[in-house]
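**Q** how would this look folded up:
(one chain, ligands or ions: 1)
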Amino acid sequence: MESFAFSTTSSLQSRFFVKSLQPPRSISAVRSPSIQIRRRRSSSFSALALHRSDHDVVVVGAGIIGLTIARHLLLNSDLSVAVTDARVPCSGATGAGQGYIWMVHKAPGTDTWDLAVRSKDLWEELAADVEREGYDPAEILGWKKTGSLLIGRSREEQAMLQERVKVLSEAGLRAQYLPSNLLHLEEPELEVGTEGGAAFVPDDCQLDAYKTVSFIEKVNSTYCLKGRYAEFFNDPAVCLLRSDKNGAVEAVQTSNHTLYARKAVVVATGAWTGSLLQNLVKPNSAPQLPVRPRKGHLLVLENFRNIRLNHGLMEVGYIDHQTTTTLSDINLEASESDQELSISMTATQDVMGNLVLGSSRQFCGFSREIDESIVECIWNRAGEFFPNLKSVSLDSSLNQQVRIGHRPYLPDGKPVIGPIPDTPNVFLAAGHEGSGLSLALATAEMVSDMILGNPTNVDPMPFSIHGRFSSNL
Ligand SMILES: Cc1cc2nc3c(=O)[nH]c(=O)nc-3n(C[C@H](O)[C@H](O)[C@H](O)COP(=O)(O)OP(=O)(O)OC[C@H]3O[C@@H](n4cnc5c(N)ncnc54)[C@H](O)[C@@H]3O)c2cc1C
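**A** Here you go, the predicted structure:
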């Protein structure tokens, strides 16, 4: 059973306000420099070695993956951990995440199924622990157990959803097919026509990414006083340093610090991981990790009262959009202008009463610009499912916010979790695309177990980089 450490509400709150998360500093594109291996006493870094600190594990990247790995190690071992980020938590994909921790759109029997099941269990345990400590998980994590609906509007989709319910039930989940009349009782404002219906998974949950990250960071920070935790933000990793004696990676060089790692380095830099690795192992023989940033827009309407949702909703087309293999995967040299925009309707209401509408997917590099035409498409798509929205115009009278994030996309649709070939003390945890929030806690557990030499709860083989992409051993 996992536990977390904090004492009183007031100490929690004061920590919250002292260390509250800053929003991303700028909306300009963040391009991280490639990590390069340097010899330890290379002259260009000798001055920086003054800012040396020593840790057991150094985690590069403070998104949901990096922060939960740090958390798991702090709670389940005696190791000390440092986390470094080019910016601040939530400035990557995590800050754009809609927050669904859902099984309804995942497929039993796939490589990620067991990881998703384990992760969902761990999220539920975490929410229960928060409650046991006398706190409200809704307030602390934005936690809601509303169930999820995967929605279809045609006969073919109906058949597909009925089959999905069967498969999910056989895999041990509570799942039910709702034809349009029953669906109407669950979601009176949703319109799917007479041929529509939905797969309903009542135990699916959602969280708020900002609240959850803030909580995890606060828990991690309680270990600062014990000398077991340190954070280095706005301090990008620029290279890894190798020992002169045996060539093993022994430190992460950031812009301002040399962070020595006695036991392991974890690279959890989401969509930036591919370029970071370019010069990682040896010149010209870096592991190929074809992670691509898959940009997403999310529309948040603050305190929106025109419709009320009882569950989280997703249109069935989302599944294809999530997994599409693109021409550019076949030819990685293809132009970035090959944007392949797709939009599928997702709708949730968060604990603050905001309506959160998603989402778009496109390949267009690391641009953080808001494309108003995409926002309008998201709005119009939602209007096809919720006729009440059609009478509302998306103008400045609505209190709205658009979140942009870059999902870390890998062409075979599953993350890489595990050591780099020939560099056993450097671990990768990246490529979770649209499921990083859902999969975070089981990913963190797996990485921690690998570092600690424990047996893993879920089979790690499907997530190894070995043999997955060209030129990897
Ligand atoms: C619109 C949208 C909606 C989504 N909705 C959901 C959802 O509902 N449920 C779900 O499960 N998932 C969802 N996702 C996906 C999820 O957000 C991601 O899979 C997840 O956040 C990835 O986490 P990460 O930690 O790997 O990456 P990130 O959050 O991107 O973190 C990577 C970090 O690495 C840092 N970094 C980069 N370069 C360096 C460097 N050189 N040195 C140090 N640090 C560096 C970055 O600053 C960043 O903070 C959504 C994504 C988007 C875009």
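
**Q** How confident was the prediction at Asn331?
**A** Looking at Asn331, its pLDDT reads 43.

**Q** let me redo that: Pro421
**A** On the pLDDT scale, Pro421 gets 88.

**Q** okay, now it: neighbour count?
**A** Residues near Pro421, counting by other Cβ atoms under 10 Å, number 15. For every residue, glycine as well, the C-beta is placed using N, CA and C.

**Q** Check the one 4 residues further on too.
**A** Counted with other Cβ under 10 Å, the burial measure for Asn425 works out to 17 neighbours.

**Q** Please shift the residue numbers so they start at 444 in all later answers.
**A** I'll keep to 444 as the first residue from here, and by that count the last item is Asn868.

**Q** So which bits of the helix or strand hosting it are buried?
**A** With the criterion set as DSSP states H and E, the secondary-structure element containing Asn868 is strand 866-873. Of the residues in strand 866-873, Thr866, Asn868, Val869, Phe870, Leu871, Ala872, Ala873 count as buried by neighbour count, 16 or more other Cβ atoms under 10 Å.

**Q** helix, strand or coil for the closest residue in space to Leu626 that isn't next to it in sequence?
**A** Once flanking residues are discounted, Leu626 sits nearest to Ala641: 5.1 Å by Cβ to Cβ, 6 or more residues apart in numbering. Using DSSP: H, G, I helix; E, B strand; the rest coil, the three-state assignment for Ala641 comes out as strand.

**Q** Could you check how far Ala641 is from Thr697?
**A** 48 Å (Cβ to Cβ, to the nearest Å).

**Q** Could you do Gly540 as well?
**A** Between Gly540 and Thr697 the computed distance is 25 Å (Cβ to Cβ).

**Q** Looking at these two, which one has more neighbours?
**A** When Gly540 and Thr697 are compared for neighbours, Gly540 comes out ahead with 31 against 23, by other Cβ under 10 Å.

**Q** I'd say the more buried one and Leu882 touch.
**A** No. Gly540 is beyond contact range of Leu882, at 11.6 Å (criterion: Cβ atoms under 8 Å).

**Q** what stretches of the stretch 444-593 of the chain score poorly on pLDDT?
**A** For the stretch 444-593 of the chain, residues meeting the criterion pLDDT under 70 lie at 444-493.

**Q** Contact residues of it facing the ligand?
**A** On the criterion Cβ under 6 Å from any ligand atom, the ligand has as its neighbours in the stretch 444-593 of the chain the residues 475, 503-509, 527-530, 534-537, 539-543.

**Q** my read: Gly739 touches Arg804, true?
**A** Yes. Because the distance of 6.0 Å satisfies Cβ under 8 Å, Gly739 is recorded as touching Arg804.

**Q** Find residues that contact each of these two.
**A** Arg850, Gly877 (Cβ atoms under 8 Å, 6 or more residues apart in numbering).

**Q** wait, what's in contact with Gly796?
**A** So Gly796 contacts Asn746, Phe747, Arg748 (Cβ under 8 Å, 6+ apart).

**Q** Remind me which helix or strand Gln605 belongs to.
**A** helix 598-613.

**Q** What are the buried residues along that helix?
**A** For helix 598-613, by 16+ other Cβ under 10 Å, it's Glu600, Gln601, Leu604, Arg607, Val608, Leu611.

**Q** quick check, nearest of the residues you listed to Met788?
**A** Glu600 (13.1 Å; Cβ to Cβ).

**Q** From Val608, how far out is the closest one?
**A** Distance of Glu600 to Val608, given as Cβ to Cβ: 13 Å.

**Q** same question, Val835
**A** When Cβ to Cβ is applied, the distance between Val835 and Val608 equals 33 Å.

**Q** Could you do Ser802 as well?
**A** Distance, Ser802 to Val608, by Cβ to Cβ: 24 Å.

**Q** Just grab the bridge partners of the residue lying closest to Pro622 once chain neighbours are set aside for me.
**A** Nearest non-adjacent residue to Pro622, counting by Cβ to Cβ, 6+ apart: Gly640, 4.7 Å away. Gly640 forms beta bridges with Gly595, Pro622, as assigned by DSSP bridges.

**Q** Ala525 in helix, strand or coil?
**A** Here Ala525 is recorded as strand under three-state DSSP.

**Q** can you count the residues close to it?
**A** 25.

**Q** Check Ser810 too.
**A** Using other Cβ under 10 Å, Ser810 has 16 other residues around it.

**Q** For it, give me phi and psi.
**A** When quoted as degrees, to the nearest 10, the phi and psi of Ser810 stand at phi -60, psi 140.

**Q** same deal with Ile821?
**A** Ile821 has phi and psi values of phi -60, psi -40 when expressed as degrees, to the nearest 10.

**Q** What score does it have for pLDDT?
**A** Predicted confidence (pLDDT) for Ile821: 97.

**Q** residues contacting it?
**A** Contacts here follow Cβ under 8 Å, 6+ apart; on that basis Ile821 touches His740, Leu741, Leu742, Ile786, Met788, Leu800, Gly801, Ser802, Ser803.

**Q** partners of Tyr543 in the sheet?
**A** Each beta-bridge partner of Tyr543 is listed here: Gln649, as defined by DSSP bridges.

**Q** Would you confirm that it contacts Gln649?
**A** Yes. Using Cβ under 8 Å, Tyr543 and Gln649 qualify as a contacting pair, with a distance of 5.0 Å.

**Q** Name the residues contacting each of those two.
**A** With the criterion set as Cβ under 8 Å, 6+ apart, the overlap between the contacts of Tyr543 and Gln649 is Gly755, Thr791.

**Q** Which residue ranges of the stretch 694-843 of the chain form helices?
**A** Assigned by DSSP state H, counting those that start in this stretch, the helices in the stretch 694-843 of the chain fall at 716-719, 761-766, 770-773, 815-828.

**Q** hang on, the earlier thing: the contacts of Ile821: which two are farthest apart?
**A** Farthest pair in these (Cβ to Cβ) is His740 and Met788. Separation: 12.9 Å.

**Q** shared neighbours, the two?
**A** Common neighbours of His740 and Met788 are listed as Gly801, Ile821 (criterion: Cβ under 8 Å, 6+ apart).

**Q** how about the nearest residue to Gly861, chain neighbours excluded?
**A** Distances taken as Cβ to Cβ, 6+ apart put Ser907 closest to Gly861, at 4.7 Å, once the chain neighbours are dropped.

**Q** Now for that neighbour: which residues touch it?
**A** Applying Cβ under 8 Å, 6+ apart, we find Ser907 in contact with Val859, Ile860, Gly861.

**Q** can you redo those residues as JSON lines with distance to Gly590?
**A** What follows is the contacts of Ser907, written out as JSON lines (distance: Cβ to Cβ, whole Å):
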{"residue": "Val859", "distance to Gly590": "31"}
{"residue": "Ile860", "distance to Gly590": "29"}
{"residue": "Gly861", "distance to Gly590": "34"}
